[in-house]
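*Asks:* Turn this into a structure:
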Amino acid sequence: MNAISTVPNLSESDDADDAIRPLPAAALRFDPGRNCARVARAGRIGVSVDGETYFAALRQTLIRARHCIAITAWDLHSGVELVRPGDDAAPADAPDDPLPTKLGDLLTALLEQRPNLQVFILLWDYAPIYALEREPLFFGDAPWGGGSEHPRLHFITDSAHPLAASQHQKLVVIDGRIAWCGGFDISKWRWDTSAHLADEPRRCDPDGDPYPPFHDIQCLVDREAAEAIGELFAERWESAGGDPRPLASALAAADPDREDDQDADPWPPSLEPLFRDHPLALARTLPSYKGRAEVREVEQLYLDMIAAAQRFIYIENQYLTSRSIADALCRALQRDDAPELVIVLPQETGHWLEQHTMDTLRARVLERLRDADRHDRLRVVYPQVDDLANGCLMVHAKLMIVDDRVLRIGSSNLSNRSMGLDSECDLCLIAEPAEDRAAITQLRRMLMAELGSGSVAVLERAERAAADAGRAGLIEALEALQQASPTGDGPRLEPLDGQVDPEWDRQLPDERLIDPDRALDSELITDAVVGKENTPALRRRLLLGGLLIGLLLALAAAWRWTPLGGWLHPETIASALHGLNASGWGLPVGVSAFAIASVLAVPVTLLILVAALIFGAATGAAVALAGSTLSALLGYGLGRATGSGLVEQLAGGRLERVRRRITRRGITTIITVRIVPVAPFAVLNLLAGAVHVSFRDFLIGTVVGMLPGIIAMTLFAEGLLSLLGRVDLRAVALLLVGGLSLGGLFLLGRRALGSDGE
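*Replies:* Okay, here's the model as predicted:
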């Protein structure tokens, strides 16, 4: 059998952009090297919905392992309870099952009982912002204590990806004979029942703290499909730095023809297969990294599925921010024969950070979709659970169903990063026989009924009536479900307007930095931060800044080693300036002089340098910050008094784009133009006042934006003053730190002249 890595990939060609294009409607096919890595046949395909079912079935498969357990995840917690009191799914093969129910303890016990078993765990080397949500790795490479030093437990963290990327595949391979793939991490906030009740005492993390309801889906396959997933895991393991030999040996040892393995079918008895003897495609996202070409099969398969839709598209996903997916959905909605589109999303995507970033990007996509919905074929809903103390029902599933003919389950979100930056793995099948299409219909109705606390019968009646009238019926089924009285205390599907605070939208940085679809590089960051049209100007400013620093260093050398030092001897300068620094009126005079000189358009950078030389680094920085803030407020007030006409005349029309930008995004742009000065300090103050930028935005943006530059300049000044008196490593270090900090501030400034919609 061919390894996945040997499949050709169109993204490796010189014409990679042309490879990302949709197929004509109703022409969906799996095309290895284009929209999938390979097509493999599974003897059984099962679908597990929600944590109570999945975790219990997962435990059964782990217990059945004889030679190899391989797990890769975005997140993992050794203390998660796989089964809990009262679970509907059987906890194991027998009521008196003595094995532990916690993941870490269970794996340790299995290793102790089975001398031929080896366990391989590959966990994303996560970003620091998730540190408080993760299990601390206090035991080196293995977090489980006890058996953490077990020689047959292999644990590594995966950092083999570009900056800001993550290992997002969620796979579990048992003996190379069965494999799980989907949206589930074996993590602490994933378990829930299909009832999704507001009050569920068993829904708590390993510390005993409750969390909101959670919905997800995982797929289980066997035979050739499982082997293909095992090969994908092996490739990921080796690329992350793992030793491939023990893994290859463990997978090879699991031979179903061996006498001792013939009766050891690892398929869990609690999960009935949904399909039998069926081919399915494995699609990946892999970012370009250290010579490896990027793989965008996940994205291409989404585009092909959307283009092929004839009757309807049903989606469950955590995010909806991808530009390419939004474009494809808009094209589908604008067709004369537009399919119905039902999208189930969480009310909020996560905690505060995601609500202020991903929810804002989602709102923009939803606005585009509604504008494109010419035939009223779009419904966007979320599962509402009453009486929740906090949070919402998290829709974490990554599912798409097209025409009840195509079923897709995997790890990929409908976000930009899942299209090209994070590593992903999705499984997809096309159902041709009537019984297989009926199985997809059954699954979709069950999911809708679960999230709407209704009955499948309501959906069946509505869809049958719509079919008799020649309509697709998905929207009518949804509306019938919404109108029916919910049973119990579970969720109901409510319309999602997706609106966010306009202030969030106004302040959000460029989306390519929040939700990138490819590896971050200098070109992308420069384009997103400064804009392509401003890159030459930025380079000129950096060149001028470098020349200025060079001039100052040349003067310092002249003062130190030439007769010029007799005119400006360091001791003489220090003595003359000491009086001003030591006097009680020195600070207010310094602040006032700074402000007046800045209003008169004396370069603020020079004023910061002078303040630091006079008052020292710390006091000089305070004087510079106070003086620049006072000067900015004076200029702002003058701009409001004179109006935009005079300011536009002074600006000569060149700042029109800056004017539009700061009007829309006050704080972000004020910070930007302080770090990356696209015009003189005094002119920008006048402009901000003239166009009536919020006073709060202007004040906060000025203080925050000026502070990094002031600190960098004062460090540079302290090093310069030290260099005048003596040459030592400290002085040189201060000069280098200050100079590099100034250059870095220019590179890291937000887009200076960009504007929305351009």
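*Asks:* Now do the helix or strand hosting Ala624, average pLDDT.
*Replies:* Assigning secondary structure by DSSP states H and E places Ala624 in helix 617-642. Mean per-residue pLDDT for helix 617-642: 82.
*Asks:* And for stretch 310-318?
*Replies:* 97.
*Asks:* what about Asp277, which SS state?
*Replies:* strand (DSSP: H, G, I helix; E, B strand; the rest coil).
*Asks:* Neighbours of the closest residue in space to it that isn't next to it in sequence, how many?
*Replies:* The shortest distance from Asp277 to any non-neighbouring residue, by CB to CB, 6 or more residues apart in numbering, is to Gly43 (5.8 Å). In this view, the C-beta of every residue, glycine as well, is placed from N, C-alpha and C. Gly43 is flanked by 18 other residues according to other CB atoms under 10 Å.
*Asks:* Tell me the confidence at Gly43?
*Replies:* 97.
*Asks:* same thing with Ser159?
*Replies:* Reported pLDDT for Ser159: 88.
*Asks:* cool, the one 10 residues further on as well?
*Replies:* In this model, Gln169 is scored at 97, pLDDT.
*Asks:* Count the neighbours of it for me.
*Replies:* Quick note: Gln169 (other CB under 10 Å) scores 27 neighbours.
*Asks:* Arg444: which element?
*Replies:* helix 434-451.
*Asks:* Angles on the backbone of Gln218, please.
*Replies:* phi -130, psi 150 (degrees, to the nearest 10).
*Asks:* residues contacting it?
*Replies:* 47-48, 54, 170, 180-184, 409 (CB atoms under 8 Å, 6 or more residues apart in numbering).
*Asks:* Export those as a markdown table, with columns for secondary structure.
*Replies:* Formatted as a markdown table, those follow (three-state DSSP):
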| residue | secondary structure |
| --- | --- |
| Val47 | strand |
| Ser48 | strand |
| Tyr54 | helix |
| Lys170 | coil |
| Trp180 | strand |
| Cys181 | strand |
| Gly182 | strand |
| Gly183 | coil |
| Phe184 | coil |
| Ile409 | strand |
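*Asks:* Quick check: the residue nearest to Asp265 when sequence neighbours are not counted vs Leu110, distance?
*Replies:* In space, Asp265 comes closest to Arg64 once its chain neighbours are excluded; the distance is 7.3 Å by CB to CB, 6+ apart. In this view, Arg64 and Leu110 are 10 Å apart by CB to CB, to the nearest Å.
*Asks:* Likewise for Ser249?
*Replies:* Taking CB to CB, one finds Ser249 at 18 Å from Leu110.
*Asks:* between those two, which one's more packed in?
*Replies:* Neighbours around Ser249 and Leu110, counted as other CB under 10 Å, are more numerous at Leu110. The numbers are 21 against 12.
*Asks:* Need the per-residue pLDDT for that one.
*Replies:* 95.
*Asks:* Not counting sequence-adjacent ones, nearest residue to it?
*Replies:* Of all residues not flanking Leu110 in the chain, Leu117 sits nearest, at 5.9 Å (CB to CB, 6+ apart).
*Asks:* Ok, Thr702 next?
*Replies:* Nearest to Thr702 is Ala632, by CB to CB, 6+ apart, at 4.7 Å.
*Asks:* And what about His356, helix, strand or coil?
*Replies:* helix.
*Asks:* From here on, call the first residue 805.
*Replies:* Understood, numbering begins at 805; the last thing we discussed is His1160.
*Asks:* Can you give me the domain boundaries for this protein?
*Replies:* 843-932+940-1076, 1099-1303, 1326-1552 (automatic domain parsing).
*Asks:* Quick one: closest of these to Leu832.
*Replies:* Ranking those by proximity to Leu832 (CB to CB) places domain 1099-1303 first, at 3.7 Å.
*Asks:* end-to-end on the closest one?
*Replies:* 33 Å (CA to CA, to the nearest Å).
*Asks:* How about stretch 873-890?
*Replies:* Using CA to CA, the two ends of stretch 873-890 sit 27 Å apart.
*Asks:* thinking again about what came up before, which two of the contacts of Gln1022 have the greatest separation?
*Replies:* The span of the contacts of Gln1022, defined through CB to CB, is set by Val851 and Lys974 at 14.4 Å.
*Asks:* picking up where we left off before, how many residues are close by the residue nearest to Thr1506?
*Replies:* So Ala1436, with other CB under 10 Å, has 29 neighbours.
*Asks:* I'd like to know how far it sits from Ala1494.
*Replies:* From Ala1436 to Ala1494 the distance is 14 Å (CB to CB).
*Asks:* same deal with Lys906?
*Replies:* 64 Å.
*Asks:* So if I had to pick from those two, which one is more boxed in?
*Replies:* Ala1494 (23 against 18).
*Asks:* Extract the residue ranges of the stretch 1255-1404 of the chain that are flagged as low pLDDT.
*Replies:* 1289-1292, 1308-1309, 1311-1314, 1316, 1324-1390, 1403-1404 (pLDDT under 70).
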